[in-house]
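> the sequence and its predicted three-dimensional model are supplied below.
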Amino acid sequence: MVKSGIKIFARFRPTKKATGLYSLGEASDSTPTVSFTIPRSEASGAVNNKKELYSFRFNRVFEQSTKQDEIFEVVAQGVIDNCLEGYNGTIFAYGQTGSGKTFTITGGAERYSDRGIIPRTLSYLFQQYEKSPGTIYTTHVSYLEIYNESGYDLLDPKHEASRLEDLPKVSLLEDSDGNIHLKNLSLHQTTNEEEALNWLFLGDTNRMIAETPMNMASTRSHCIFTIHIGSREPGSDVIRKAKLHLVDLAGSERVSKSGVGGMLLAEAKYINLSLHFLEQVIVALSEKSRSHIPYRNSMMTSVLRDSLGGNCMTTMIATCSVEKKNIDETISTCRFAQRVALVKNEAVLNEELDPKLVVSRLKQQVQELKEELAMATGEERSEELSQEERDKCQELVESYLQDTSPEARLMVEGDMRKIQLCFQIMKAKILERPPDSAKGRPPSANAGDQPSAEQEETRGEAESKEMVASEAELLRLRELMKQRDDEISILLKMLKQEKRRSAEAESALKNAGLEIKRAHSPILGRVSPLHAADGGRHDPERPSTEAGHVLPSNSSPGAASASAYVSVSGVPGEGTSGGSAGRGGE
């Protein structure tokens, strides 16, 4: 990526009329400058703060005597060399009407030495092609005219014979990447300098030209001559593409000074409006804080999007008229050039792989490999297998599938066509197998045979029996699970009752102030007082009331609990039951 600013040059048109006060010089850093002096008018009064001196910097300033070849060498030659390397380029001329823009870009028709930048560029390109015979170059040209904000193809063969309104208009199309494409704009390939110049002369003949008070042959439209250059090295798939825009802008004019009317007035409005939009784009690009650039305001700025702040190396030449009556317009042109110089472009090398070249190279490699294979094997292989070879592959696959030995091998020659065919045959055989083979059951001797009706009936009965047995087993398991759920429910209910009785007994004893001695309960896992008083002995024949498991039905819950679970400590020698009764009597 090459990041650079737009180069600006100034050229003064020769004149024999009275000129304004201007001078050429150099700044402290050796940069060429041009200065204009406008004396204060006495009619403005004694107090007049109007600026008198205007100074502007350029990369180079060309005086009135500068020749066309010098303009080309300084302004255009470097841009063309970059295009040959794969970078986009643009050269455009800006200035008021009658300042020499068309003469600089296209040239004059009277003398060969008056050729402009475009014809000299075409000659220079084909000269460079001849100096690099090892590189393959392609050249295409197009010529776009923007007249009253509508685009037309100047190289359309119908252009000269038809009215301008009847010609197909060039429309703008934008892709998802933001690139601009021109619909209905023809692209013509040129193989030599003469053919390219013929296309240029055809386009110049079709341009809109009119006579105005400011210029006898004023171009009333913006014209963009584009050269598409492609280059690649022999045997390489990488192709370099570059575009070179050579732009001749229509001249701005003050209607109050020119005094035009009718169609010329309408044309002047469109010209000044499009140049105003161009200046808006330049101002937006020169301000770093601006996030939106109004490229879409006009067709010209849309086409030149890459040239202004994009992937391009751009050069501007400001044509100036130093006649005294045109000094104000010249100062405006120089101001515009100073804004353009603030714009930064980022040129990228345009390299890409040409898919056509890649496909062609691969086809050539395939053909060469086929020839080498035929030489190595001594036989030339066709694109398709013969019927005999197909039948042989069929036999190999069938014998392989019928062989039950685990050491069976499918032996195919080292030919990918035969290997692929064997895979296809095997796949077809597998898809033709009956459904029972997919369940792990051994298939019949012939995989293609269908099962008999008796086999189907036997298989159906076996499946029915299996289903009945499965249903019976499922029913048995459900009943067992229900039985277990009932048992668990009963045990949980008993546990809750035991906990509730224990809580009631503890509450009664706490109220009586007695010490609790618990015995081991088979449900609660505690030690009952009767069992503790007997020294840990337990008589299985003793009534369950002594063990504290079952309460008499005619006893109250409180008394029964106390007599069954509690003994009075501190009364030695008394029996357990007596102690319980005596304490209960108290």
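On my side now, so go ahead.

> next one: His228 from Ser307, what distance?
Distance from His228 to Ser307, counting by CB to CB, to the nearest Å: 15 Å. C-beta coordinates here come from the backbone N, C-alpha and C atoms, glycine included.

> who's more crowded, the two?
Looking at His228 and Ser307 with other CB atoms under 10 Å, you find the greater number of neighbours at Ser307, namely 26 against 17.

> so what's the residue count around the closest residue to the more buried one other than its chain neighbours?
The spatially closest residue to Ser307, leaving aside those adjacent along the chain, is Thr90, at 3.7 Å (CB to CB, 6 or more residues apart in numbering). Neighbour count for Thr90, taken as other CB under 10 Å: 25.

> before we move on, what about the one 5 residues further on?
By the measure other CB under 10 Å, the count of residues near Gly95 is 28.

> returning to that earlier point: how about the residue nearest to Ser307, secondary structure?
At Thr90, secondary structure determined by DSSP: H, G, I helix; E, B strand; the rest coil is strand.

> who's in contact with Lys101?
By CB atoms under 8 Å, 6 or more residues apart in numbering, Lys101 lies in contact with 93-95, 248-249, 251, 319.

> repeat that for 10 Å
11, 13, 92-95, 116, 219, 247-251, 317-319 (CB atoms under 10 Å, 6 or more residues apart in numbering).

> mind listing the helices for the stretch 351-500 of the chain?
When assigned using DSSP state H, counting those that start in this stretch, the helices of the stretch 351-500 of the chain occupy the ranges 355-377, 387-402, 416-431, 435-438, 453-512.

> before we move on, what about the stretch 101-250 of the chain?
Taking DSSP H, counting those that start in this stretch as the criterion, the stretch 101-250 of the chain carries its helices at 101-105, 117-131, 193-205.

> can I get those in TSV including mean pLDDT and distance to Lys356?
As requested, the helices of the stretch 101-250 of the chain are arranged in TSV below (pLDDT from 0 to 100; distance: least, CB to CB, whole Å):
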stretch	mean pLDDT	distance to Lys356
helix 101-105	92	35
helix 117-131	95	21
helix 193-205	91	24
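
> returning to what we had before: list just the nearest of the contacts of Lys101 to Ile430.
Distance from Ile430 was checked for each of the contacts of Lys101 by CB to CB. The minimum falls on Val247, at 69.1 Å.

> against His245, how distant is Arg305?
Using CB to CB, we find Arg305 at a distance of 11 Å from His245.

> what do those two both touch?
Counting by CB under 10 Å, 6+ apart, the common neighbours of Arg305 and His245 are Cys312.

> what's near enough to touch the closest residue to Glu193 other than its chain neighbours?
If the residues on either side of it in the chain are set aside, Glu193 comes closest to Phe126, at 4.5 Å by CB to CB, 6+ apart. With contacts taken as CB under 10 Å, 6+ apart, Phe126 has the following neighbours: 137, 139, 190-196.

> where does the prediction get shaky in the stretch 251-400 of the chain?
Judged against pLDDT under 70, the low-scoring parts of the stretch 251-400 of the chain cover residues 256-260, 378-383.

> go again using 80 as the cut-off
Across the stretch 251-400 of the chain, the stretches falling below the confidence threshold (pLDDT under 80) are 252-262, 264, 288, 370-371, 373-384.

> again, but for the stretch 401-550 of the chain
Along the stretch 401-550 of the chain, the model assigns pLDDT under 80 to residues 413-417, 433-469, 512-550.

> let's see it at 50
Applying pLDDT under 50 to the stretch 401-550 of the chain flags the ranges 438-440, 442-449, 517-550.

> can you dump the C-alpha atoms of stretch 466-480 in PDB for me?
Output in PDB follows, covering the C-alpha atoms of stretch 466-480 (Å, rounded to 0.1, in the frame of the first residue of the first chain):
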ATOM      1  CA  GLU A 466     -42.200 -62.400  21.700                       C
ATOM      2  CA  MET A 467     -44.600 -59.500  22.000                       C
ATOM      3  CA  VAL A 468     -47.100 -61.600  24.200                       C
ATOM      4  CA  ALA A 469     -44.300 -62.700  26.500                       C
ATOM      5  CA  SER A 470     -43.000 -59.200  26.800                       C
ATOM      6  CA  GLU A 471     -46.400 -57.900  27.800                       C
ATOM      7  CA  ALA A 472     -46.900 -60.600  30.500                       C
ATOM      8  CA  GLU A 473     -43.500 -59.800  32.000                       C
ATOM      9  CA  LEU A 474     -44.400 -56.100  32.000                       C
ATOM     10  CA  LEU A 475     -47.700 -56.800  33.800                       C
ATOM     11  CA  ARG A 476     -46.000 -59.000  36.500                       C
ATOM     12  CA  LEU A 477     -43.400 -56.300  37.200                       C
ATOM     13  CA  ARG A 478     -46.100 -53.600  37.500                       C
ATOM     14  CA  GLU A 479     -48.000 -55.800  40.100                       C
ATOM     15  CA  LEU A 480     -44.800 -56.400  42.100                       C
END
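
> distance from the chain centre to that stretch, please.
Mean-position distance between stretch 466-480 and its chain equals 62 Å (CA atoms, centre = their mean, to the nearest Å).

> same thing with stretch 11-29?
Taking the mean of its C-alpha atoms, stretch 11-29 sits 52 Å from the chain's own mean (CA atoms, centre = their mean).

> can you measure across that stretch, start residue to end residue?
Taking CA to CA, to the nearest Å as the measure, stretch 11-29 stretches 21 Å from start to finish.

> I'd like the average pLDDT over that stretch.
Along stretch 11-29, the predicted local confidence has a mean pLDDT of 84.

> mind listing what's buried in it?
Of the residues in stretch 11-29, those buried under the neighbour-count criterion (16 or more other CB atoms under 10 Å) are 11-13, 20, 22.

> would CSV of the residues you listed with distance to Ser55 and secondary structure be doable?
Formatted as CSV, the entries for those read as follows, by distance: CB to CB, whole Å; DSSP: H, G, I helix; E, B strand; the rest coil:
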residue, distance to Ser55, secondary structure
Arg11, 18, strand
Phe12, 16, strand
Arg13, 20, coil
Gly20, 14, coil
Tyr22, 10, strand
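
> can I get those residues in TSV including distance to Leu265?
Putting the buried residues of stretch 11-29 into TSV (distance: CB to CB, whole Å) gives the following:
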residue	distance to Leu265
Arg11	29
Phe12	29
Arg13	25
Gly20	27
Tyr22	31
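
> next, count neighbours for the spatially closest residue to Val281 that is not a sequence neighbour.
Computed as CB to CB, 6+ apart, the closest residue to Val281 that is not its neighbour in sequence is Thr301, at 5.0 Å. When neighbours are defined as other CB under 10 Å, Thr301 has 21 of them.

> for Thr301, give me its contacts.
274, 277-282, 293-295, 307-308.

> any of the contacts of Phe126 buried? List them.
Taking 16+ other CB under 10 Å as the criterion, what is buried in the contacts of Phe126 is 137, 139, 190, 193, 196.

> any idea how far the first one lies from Leu182?
When distances are taken as CB to CB, Tyr137 and Leu182 turn out to be 23 Å apart.

> what does the last one give?
According to CB to CB, Ala196 and Leu182 sit 19 Å apart.

> same question, the third one
If you measure Thr190 against Leu182 using CB to CB, the figure is 19 Å.
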